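Colleague: I would like the atomic coordinates for the input below:
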Amino acid sequence: MNETVPKTPPSPPGLPLVGHAYAYASDPLGFVERTVEEYGPITALSTPTFDAVLLADPEAIEHVLARNHDNYRKGEFQKKEFDGLLGDGLLVSEADQWERQHEQILPAFYPGRIAEYAETMVERTEPYLDRWAENETLTLTDALPELTLDILGSVLFGTDLREATAVRDAAAAVTERFTPDGRVPFYVPDWVPTPRNRRYLRAVDRLDSFVADLVASRRRETDSSASSDDLLSTLLDSGMDDEGVRDQLVTFLIAGHETTALALTYTLYLLGNHPDAQASVAAEVAELDGRPQLGDDLPRTDRAIREAMRLYPPAPLLMREAIEDDVVGGFEIPEGALVLCSQWATHRRSAFFENPEVFRPERWAEAGDGGTDGDGDSDCARPDYAYFPFGGGPRACIGRRFALFEMRLVLASLLRRFEVRTRNPDELNPVPAMTLAPGDDVVVELRERD
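Modeller: Reported below is the predicted structural model:
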């Protein structure tokens, strides 16, 4: 019997010594799209730092993230890049350590617990709407991170984070630190005193001080018999030491509020550019009896969010490292290779999405137009991992339901009150870093509805 010999994935031309590093750093999103279009959804890439395989094939991505996930870890490359920021937090921990952390944190995201958060999410949103009503314009890239951080602090940490400039400054420094630089397209360790590294390290130091004070304050409250069942108290009650608690708090403070703010920013940007789609959502939320609640049936609102996260996934790339040799889609994946699962490229493939560059929320209501929200559950015929904004498999984002409910409640609250028009419709220029952030401020005009 003849066995099929796995092939080496095709690869675009690279430069001597630097491989594809300059091409990627100069235009990360365009490079990934062009590579998939010209060389296929499984391709080999190289840089001076690592060799990688780029995936934009749903079955291959499902194999890596779900079916054979035991063979793929976060890896040393990510550990080095995020060590000073995330330590051994849930996002980068491995094996038994990750299992323990996941078990400790998961109760904060049970459906019943999220239902308890919903009213607070809406309550924290309303003062922002009152404040925004006093202005004709709103800079989403400033306002929404402030709101989502406030909500996160209130419901998960029992803490008022409205004045937490250390968190917002750290998020901005992280975005800058991990943005590809066409001038220096290689991994630059934190200890190299580049200007962006110095700004980043100063911001992380301030964040560490803020988190240390937060943990010390909550420990004092616990010692004085005060009780709470939020995430912070859950971590402290688990017996985790201060360093472990710090790593989890930083992970959720940075990743938790920033990704939700980005998804809301892109949704409002797109609805501001598409008045008919916005009118459809606004008509739906106008029919609510009172302010939005968790149990409200809001399919058009959900579709708008889902479509925005297809076009602009807040996490545009997932990275894994192969523990042993593997075969994916007929191609060999050698031990130690980095595997890059690209949401950006996969979500924009015409094989799965008709007119993929077009914002069309109604596509999610059509038969055969499905996908996954990262939990492996398909609602239609399209392959699950043609759409995976929250990752997939056992390590899918633990806060995905929390984030989706928060987004629908905030969006419904805002669109019940305001009509939104994008001020700079052609100046988004998204830049992939740790997240996919707009390269320019996103400004909208607000008009109160009758």
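
Colleague: going forward, measure contacts between C-alpha atoms and count neighbours the same way
Modeller: Will do.

Colleague: count of neighbours near E324?
Modeller: For E324, the neighbour count with other Cα atoms under 10 Å is 13.

Colleague: quick one: it is in a strand?
Modeller: No. Counting by DSSP: H, G, I helix; E, B strand; the rest coil, E324 is not part of a strand but coil.

Colleague: so where's this protein shaky on pLDDT?
Modeller: Applying pLDDT under 70 to the chain flags the ranges 1-5, 180-189, 191, 222-228, 367-380.

Colleague: can you map out the strands along it?
Modeller: 42-46, 51-55, 72-73, 137-139, 317-322, 326-328, 331-333, 338-342, 418-422, 430-432, 436-438, 443-448 (DSSP state E).

Colleague: Can you check which of these gets nearest to L106?
Modeller: Each of these has some distance to L106 by Cα to Cα; the shortest is strand 72-73, at 20.3 Å.

Colleague: and the closest one, what other elements does it pack with?
Modeller: strand 317-322 (3 or more Cα pairs under 8 Å, 6 or more residues apart in numbering; DSSP states H and E).

Colleague: neighbouring strands for the strand it packs on, and are they parallel or not?
Modeller: With DSSP bridges as the test, strand 317-322 is paired with strand 72-73 (antiparallel), strand 338-342 (antiparallel).

Colleague: can you redo these as CSV with distance to G330?
Modeller: Shown next, in CSV, are the strands paired with strand 317-322 (distance: least, Cα to Cα, whole Å):
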stretch, distance to G330
strand 72-73, 17
strand 338-342, 15
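
Colleague: returning to what we had before: point out the most buried one among the strands of the chain.
Modeller: strand 338-342 (a mean of 26; mean count of other Cα atoms under 10 Å).

Colleague: Let me know the angle separating that strand from strand 51-55.
Modeller: For strand 338-342 against strand 51-55, the angle by axes from the mean of the first three to the mean of the last three Cα atoms, to 10 degrees is 30 degrees.

Colleague: residues making contact with strand 338-342?
Modeller: The contact list for strand 338-342 (Cα atoms under 8 Å, 6 or more residues apart in numbering) reads 50-56, 61, 316-322.

Colleague: Give me the number of neighbouring residues for T120.
Modeller: Neighbours of T120 (other Cα under 10 Å): 13.

Colleague: which ones are touching it?
Modeller: 151, 154-155.

Colleague: what's the closest of the residues you listed to Y22?
Modeller: Proximity of the contacts of T120 to Y22 (Cα to Cα) peaks at I151, which lies at 39.4 Å.

Colleague: give me the number of residues near that closest one?
Modeller: I151: 27 surrounding residues under other Cα under 10 Å.

Colleague: same question, L129
Modeller: The burial count assigned to L129 is 15, neighbours taken as other Cα under 10 Å.

Colleague: For it, which non-adjacent residue is spatially closest?
Modeller: Nearest residue to L129, sequence neighbours excluded (Cα to Cα, 6 or more residues apart in numbering): L414, at 6.9 Å.

Colleague: if I read this right, that neighbour contacts D130, doesn't it?
Modeller: No. With contacts counted by Cα atoms under 8 Å, L414 stays clear of D130, the gap being 10.3 Å.

Colleague: quick one: which of those two has more around it?
Modeller: Set side by side, L414 and D130 show more neighbours around L414, with 22 against 11, by other Cα under 10 Å.

Colleague: How much space separates L404 from T259?
Modeller: Distance from L404 to T259, counting by Cα to Cα, to the nearest Å: 11 Å.

Colleague: neighbour count winner among these two?
Modeller: Set L404 next to T259 and count neighbours by other Cα under 10 Å: T259 wins out with 21 against 18.

Colleague: before we move on, back to that, ok, which of the strands paired with strand 317-322 comes nearest E176?
Modeller: Per Cα to Cα, nearest to E176 of the strands paired with strand 317-322: strand 338-342, 20.5 Å.

Colleague: so who does L17 touch?
Modeller: Applying Cα under 8 Å, 6+ apart to L17 gives the contacts 47-48.

Colleague: again but with A173, I slipped
Modeller: Taking Cα under 8 Å, 6+ apart, one finds 196, 199-200, 203 in contact with A173.

Colleague: nearest residue to R300 other than its sequence neighbours?
Modeller: Here the residue nearest R300, using Cα to Cα, 6+ apart, is V281, at 5.5 Å.

Colleague: swap in L147?
Modeller: Using Cα to Cα, 6+ apart and skipping the chain neighbours, the partner closest in space to L147 is T125 (6.9 Å).

Colleague: circling back to that earlier point, among the contacts of A173, which one is most surrounded by other residues?
Modeller: Top of these by neighbour count (other Cα under 10 Å): Y200, with 23 neighbours.

Colleague: how about the helices of the stretch 101-250 of the chain, start to end?
Modeller: Using DSSP state H, counting those that start in this stretch, the helices of the stretch 101-250 of the chain run over 111-132, 140-156, 165-177, 195-223, 231-237, 242-251.

Colleague: out of these, nearest to A23?
Modeller: Across the helices of the stretch 101-250 of the chain, A23 has its closest neighbour in helix 165-177 (18.9 Å, Cα to Cα).

Colleague: what about the closest one, distance to the chain center?
Modeller: 15 Å (Cα atoms, centre = their mean, to the nearest Å).

Colleague: What about V211, how many residues nearby?
Modeller: If we define neighbours as other Cα under 10 Å, then V211 has 21 of them.

Colleague: What of the one 5 residues further on?
Modeller: Here the number of neighbours of A216 (other Cα under 10 Å) works out to 12.

Colleague: what do you get for the one 3 residues further on?
Modeller: Burial of R219, expressed as a neighbour count using other Cα under 10 Å, amounts to 18.

Colleague: show me what contacts it?
Modeller: L236.

Colleague: Tell me the spacing between it and E321.
Modeller: The gap separating R219 from E321 is 38 Å, by Cα to Cα.

Colleague: ditto for T137
Modeller: Where E321 is concerned, T137 sits at a distance of 45 Å (Cα to Cα).

Colleague: ditto for K74
Modeller: Distance from K74 to E321, counting by Cα to Cα: 6 Å.

Colleague: E243 now?
Modeller: 26 Å.

Colleague: what's the nearest residue to P425 if we skip its chain neighbours?
Modeller: Among residues not flanking P425 along the chain, N273 sits closest, at 6.5 Å (Cα to Cα, 6+ apart).

Colleague: And the contacts of A173, which is closest to K80?
Modeller: For the contacts of A173, the minimum distance to K80 (Cα to Cα) is 14.8 Å, reached by Y200.

Colleague: Would you confirm that that closest one contacts A171?
Modeller: No. With contact taken as Cα under 8 Å, Y200 and A171 are classed as non-touching, separated by 9.4 Å.

Colleague: ranges for the helices of the stretch 351-450 of the chain?
Modeller: According to DSSP H, counting those that start in this stretch, the helices that the stretch 351-450 of the chain contains are 400-417.

Colleague: What sits closest to L288 if chain neighbours are left out?
Modeller: D296 (7.7 Å).
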